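A.B. asks: fold the following and give me the result.
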Amino acid sequence: MLSIDVQEGACSPAFYPHLLTRVRFFLLWGGRDGTKSDFTALHLLLACLSLPYFKCILIRKVFNTIGESQVATLRKVAEREGLLPYFEFRAAPLMIKCTLNGNSFICRGLDDPARLKSVSDPTHAWYEEANQISEEEANYVSTSLRSSHPGAVIQEVYTFNPDHEGDYREFWLWQKFFDRTGNPNGTSFSGQLAVDVNGQLIEQPYRVIHTTYRDNPWCPPDRAATYESYAATDPYRHRVWALGLWATKQTGNEFYHAFSRSKHVQPCPYVLGRPIFTGWDANALPYSAMLCCQPIREGEKLRIQFFKEYTLGPPNNGVRPTAKQFLIDRKVNGWQSSDLFITGDASMRSRQPGRAERDTLFNDIEAELLPALNNASDRWHRRNPEVMRRRDFINWVFAGGLPNVEVVFDPSMGKTIVDLEQVQTGVDGKHKARTMDKELGVAYEHLGHCSDDVDYLLTAILQAQYEAFKAGR
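C.D. replies: Got it, this is the predicted structure:
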């Protein structure tokens, strides 16, 4: 049997104690130059040499980038540590074979998911730049890892910088391994993911290791100075690249620039007997958005509390399924003592193409909610408030322009909060980037639906103040 003596200087001191870890999920994250990929290469090369059976899938978003990234790193580390004689690097097909035991590394890109199905009995997966990989893609790979070979170990390794497009709190890696494990602000930690399988609790160990350039003994001073220089010029890059911490990028072009999570996100439990206003959006993809809020008046003060969001996706998307779910929740949660009001997109009063004259989305909502409505429930907009004017009004309200009015959102309203932080200003309104649903073959606007409901609700509840704002009073 091959005997390998790996000295401490072979990798960063921060990583050395974890060189032979066999945890099910292994996350290596942090700032740039943290030696995450270098360590992962050494870790996997040693596993390939020592385990009786090992087949690792090298995964990146695009296949043709694997050769110059993961494969090149594995070759560099193998050569540096004197392991190159034990591995054969092949170009066609792109793979690495251990000449001692037949174990291997194979390469797959997520731009060709069909090729993932052709992998027989993989045990390991290394996701490089995992911050670019969706949960659906990772799940597809994760469920393919299996082996009946004696002594086989199943492991997934994720290497990434926390440089994520959009709000990181909506990103699945943060939610699964940081937030749901009780470590929303954690850096290095470990534990067990517990899953109930037919009454039996199955525990899957995970380990999260955080490093930055400061943990890299070989980082040149000039490069370290470059990372630190961002502290004065680009706080986002400094936080992500130098400190290696999660952050949500601000562009300066946010539609709701006066919204602040620290100020406007607070627990908002339902208040018994106070009216419920619901706001409705016309879109069905990626979900049907409906929000619930309660205007709570105490003397001269008005507190508008958004306490519930509905974002039903396919196949349950649509205003009718949403209204039915609301009525179920209304009964279960004891909301029946609250008068119900409805408002929303004015276009929902219009006939939809291919439908009868009175066959409108508004009528669908009204028909479903009829048992809960009264003669005063209809607060629907006859004409939508002009987009830029209502933007200015709502930012004015968020900024405290109405001293006696406070608007707050419950922390559970994740999609609404992301909208309020991430929707950008376009040429003549909200810029809503379009996303293609590959399965449905249709494009849809990814953001902006919940925030549209916020617009409809606030301009309806604060109608007098909105009219005065428009008139310059």
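
A.B. asks: show me what the helix or strand residue 208 falls within is packed up against.
C.D. replies: Per DSSP states H and E: residue 208 is located in strand 200-211. Strand 200-211 sits against strand 25-30, strand 189-197, with contacts defined as 3 or more CB pairs under 8 Å, 6 or more residues apart in numbering; DSSP states H and E. No exception for glycine: its C-beta is placed from N, CA and C like everyone else's.

A.B. asks: output the contacting helices and strands for the helix or strand just after it.
C.D. replies: Using DSSP H and E, the helix or strand that follows strand 200-211 in sequence is helix 221-233. Contacts defined by 3+ CB pairs under 8 Å, 6+ apart place helix 221-233 against no helix or strand at all.

A.B. asks: buried stuff in helix 221-233?
C.D. replies: 224, 227, 230 (16 or more other CB atoms under 10 Å).

A.B. asks: right, and the second one touches residue 240 too?
C.D. replies: Pointing back at residue 227 there. No. Residue 227 is beyond contact range of residue 240, at 10.1 Å (criterion: CB atoms under 8 Å).

A.B. asks: anything in contact with each of those two?
C.D. replies: Shared contacts of residue 227 and residue 240 (CB atoms under 8 Å, 6 or more residues apart in numbering): residue 31.

A.B. asks: does residue 206 have beta-bridge partners, and which?
C.D. replies: Judged by DSSP bridges, the bridge partners of residue 206 are residue 25, residue 191.

A.B. asks: swap in residue 30?
C.D. replies: Applying DSSP bridges to residue 30 yields these beta-bridge partners: residue 211.

A.B. asks: neighbours of residue 339, how many?
C.D. replies: 14 (other CB atoms under 10 Å).

A.B. asks: likewise residue 156?
C.D. replies: By other CB under 10 Å, neighbour count at residue 156 equals 22.

A.B. asks: how about residues contacting stretch 328-347?
C.D. replies: Stretch 328-347 is contacted from outside by 270, 272-282, 294, 308, 362, 365-366, 369, 372-374, 376-384, 452-453, 456-457, 460, using CB under 8 Å, 6+ apart.

A.B. asks: could you do stretch 81-94 as well?
C.D. replies: Defining contact as CB under 8 Å, 6+ apart, one finds that stretch 81-94 is touched by 2, 4, 6, 10, 42, 45, 48-49, 66-67, 71, 74-75, 77-78, 96-100, 106-107.

A.B. asks: mind doing that once more with 6 Å?
C.D. replies: Stretch 81-94 has contacts (CB atoms under 6 Å, 6 or more residues apart in numbering) with 10, 45, 67, 75, 78, 96-100, 107.

A.B. asks: try stretch 183-193
C.D. replies: 178, 181, 203-210.

A.B. asks: now do the same end-to-end measure for it.
C.D. replies: One end of stretch 183-193 sits 13 Å from the other (CA to CA, to the nearest Å).

A.B. asks: what about residue 366, distance to residue 336?
C.D. replies: From residue 366 over to residue 336 the distance is 18 Å, taken as CB to CB, to the nearest Å.

A.B. asks: what's the answer for residue 323, then?
C.D. replies: Distance, residue 323 to residue 336, by CB to CB: 15 Å.

A.B. asks: who has more neighbours, those two?
C.D. replies: Taking other CB under 10 Å, residue 323 and residue 336 do not tie; residue 323 has more neighbours (24 against 11).

A.B. asks: find the nearest non-adjacent residue to the residue nearest the centre of the chain, please.
C.D. replies: The chain has residue 171 as the residue nearest its centroid, 2.0 Å off, counting by CA atoms, centre = their mean. Nearest residue to residue 171, sequence neighbours excluded (CB to CB, 6 or more residues apart in numbering): residue 164, at 5.0 Å.

A.B. asks: ditto for residue 69
C.D. replies: Leaving aside its chain neighbours, residue 69 sits nearest to residue 128 (6.0 Å; criterion: CB to CB, 6+ apart).

A.B. asks: hmm, back to that, in which helix or strand would I find the residue nearest to residue 171?
C.D. replies: Using DSSP H and E, residue 164 falls within no helix or strand.

A.B. asks: so where's the stretch 101-250 of the chain uncertain?
C.D. replies: Within the stretch 101-250 of the chain, not a single segment meets pLDDT under 70.

A.B. asks: one more pass at 80, please.
C.D. replies: 113-118, 147, 164-167, 196, 249-250 (pLDDT under 80).

A.B. asks: list the contacts of residue 449.
C.D. replies: When contacts are counted by CB under 6 Å, 6+ apart, residue 449 touches 281, 283, 289.

A.B. asks: same thing with residue 15?
C.D. replies: By CB under 6 Å, 6+ apart, residue 15 lies in contact with residue 39.

A.B. asks: and the gap between it and residue 86?
C.D. replies: Distance, residue 15 to residue 86, by CB to CB: 22 Å.

A.B. asks: so for stretch 412-429, what gets flagged as buried?
C.D. replies: 413-423, 425.

A.B. asks: pLDDT averaged over that stretch, what's the number?
C.D. replies: For stretch 412-429, the mean per-residue pLDDT is 87.

A.B. asks: helix, strand, or coil at residue 444?
C.D. replies: Under DSSP: H, G, I helix; E, B strand; the rest coil, the three-state class of residue 444 is strand.

A.B. asks: burial of it, as a residue count?
C.D. replies: Counted with other CB under 10 Å, residue 444 comes out at 16.

A.B. asks: likewise residue 392?
C.D. replies: By other CB under 10 Å, 15 other residues sit near residue 392.

A.B. asks: now it. Nearest residue, chain neighbours left out?
C.D. replies: Nearest residue to residue 392, sequence neighbours excluded (CB to CB, 6+ apart): residue 469, at 7.7 Å.

A.B. asks: so residue 127 sits in a helix?
C.D. replies: No. Assignment of residue 127 by three-state DSSP gives strand, placing it outside any helix.

A.B. asks: phi, psi of residue 198?
C.D. replies: Backbone torsions for residue 198, taken as degrees, to the nearest 10, come to phi 50, psi 40.

A.B. asks: begin at 403, not 1, for the rest of this chat.
C.D. replies: Okay, using 403 as the starting number, the last item reads as residue 600.

A.B. asks: how near is it to residue 556?
C.D. replies: 20 Å.

A.B. asks: now do the helix or strand encompassing residue 699: everything it contacts.
C.D. replies: Residue 699 is part of strand 690-700, with elements assigned from DSSP H and E. Outside strand 690-700, the residues that touch it by CB under 6 Å, 6+ apart are 673, 676, 678-683, 705-714, 719-720, 724, 851-852, 855, 859, 863.
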